[in-house]
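Chemist: Coordinates only, no sequence provided:
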C-alpha cells in the first residue's frame, strides 16, 4: 500500500513537471510574439502581460512537486549533515508529513474553493484590458498545490521508513 502511494505521488509529480515544462514554452512563445508585435509591427497585444504572469505562476506551482521529488529544492544542511541518516529521516518525516503536508493540503483546498467560485461566477481579471477568465489559472494553482501536498506526504513517509537517507524507496520514472 505504501509503495503504491509513493509510486502514485511520484508519477503525478513527474506528469505535472512535464506540464510545467510546456508552460515555459508557452511563456517564451507569448513573449516573443509580444516583442515582434510591439516593436516590429507596432501593434502590442492586450493579453501578453496576463499570459506571462499566469504561465509563470503555473509553471512554478506545477513544477514544485517534481522539484521536491528530485530533491532539487535549496536546503541548508550544515547541521543535518552531521546527524545520522536515521535522525535526518525522522526530521524530514516530521517536517514534510506532520508540518508541511497539512499546510499545503489546506492551501490546495482553499485554492480549489477559489477556483470553483471563480468558475461559478465567471470571474475575470479586473485590472486587465483583456479580462481573461480566472478559473483556469486558479485551478492550475490548486492542482499544483495538491500535487505538492501529495509529494510532501510521500517524502515524509520516505523519511520515516527509509533505512538510509538516500531514499531507497524513491521511484524512478
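Modeler: Cool, the structure landed. Not measured: the values here are computed from a predicted model. Numbering: from 1, shown residues only.
Chemist: Now do the same contact list for residue 31.
Modeler: Residue 31 is in contact with 48, 52, counting by Cβ atoms under 8 Å, 6 or more residues apart in numbering. For every residue, glycine as well, the C-beta is placed using N, CA and C.
Chemist: That one: helix or strand, and which one exactly?
Modeler: For residue 31, the host element (DSSP states H and E) is helix 2-35.
Chemist: Which residues belonging to that helix are considered buried?
Modeler: Across helix 2-35, burial judged by 16 or more other Cβ atoms under 10 Å covers 6, 9-10, 12-14, 16-17, 19-20, 23, 26-27, 30, 34.
Chemist: Can you tell me how far the closest residue to residue 111 other than its chain neighbours is from residue 8?
Modeler: Of all residues not flanking residue 111 in the chain, residue 142 sits nearest, at 3.7 Å (Cβ to Cβ, 6 or more residues apart in numbering). In this structure, residue 142 and residue 8 are 18 Å apart, going by Cβ to Cβ, to the nearest Å.
Chemist: Likewise for residue 66?
Modeler: Separation of residue 66 from residue 8 (Cβ to Cβ) stands at 14 Å.
Chemist: In this structure the residue nearest to residue 111 contacts residue 115, no?
Modeler: Yes. Applying Cβ atoms under 8 Å as the test, residue 142 and residue 115 come out as touching, 5.1 Å apart.
Chemist: nearest to residue 87, of the buried residues of helix 2-35?
Modeler: Residue 87 lies nearest to residue 6 out of the buried residues of helix 2-35, by Cβ to Cβ, at 21.5 Å.
Chemist: could you say what helices and strands the helix or strand harbouring residue 106 packs with?
Modeler: In this structure, residue 106 is located in helix 101-121 according to DSSP H and E. Packing partners of helix 101-121 (3 or more Cβ pairs under 8 Å, 6 or more residues apart in numbering; DSSP states H and E): helix 135-161.
Chemist: for the lowest-mean-pLDDT helix or strand in the chain, packing partners?
Modeler: Taking mean pLDDT, DSSP states H and E as the measure, the helix or strand of the chain with the lowest value is helix 85-93, at a mean of 91. Packing partners of helix 85-93 (3+ Cβ pairs under 8 Å, 6+ apart): helix 135-161.
Chemist: Could you give me the buried positions within the helix it packs on?
Modeler: Buried-residue list, helix 135-161, by 16+ other Cβ under 10 Å: 135, 137-159.
Chemist: ok, back up a step: after the helix holding residue 31 comes which helix or strand?
Modeler: helix 48-69.
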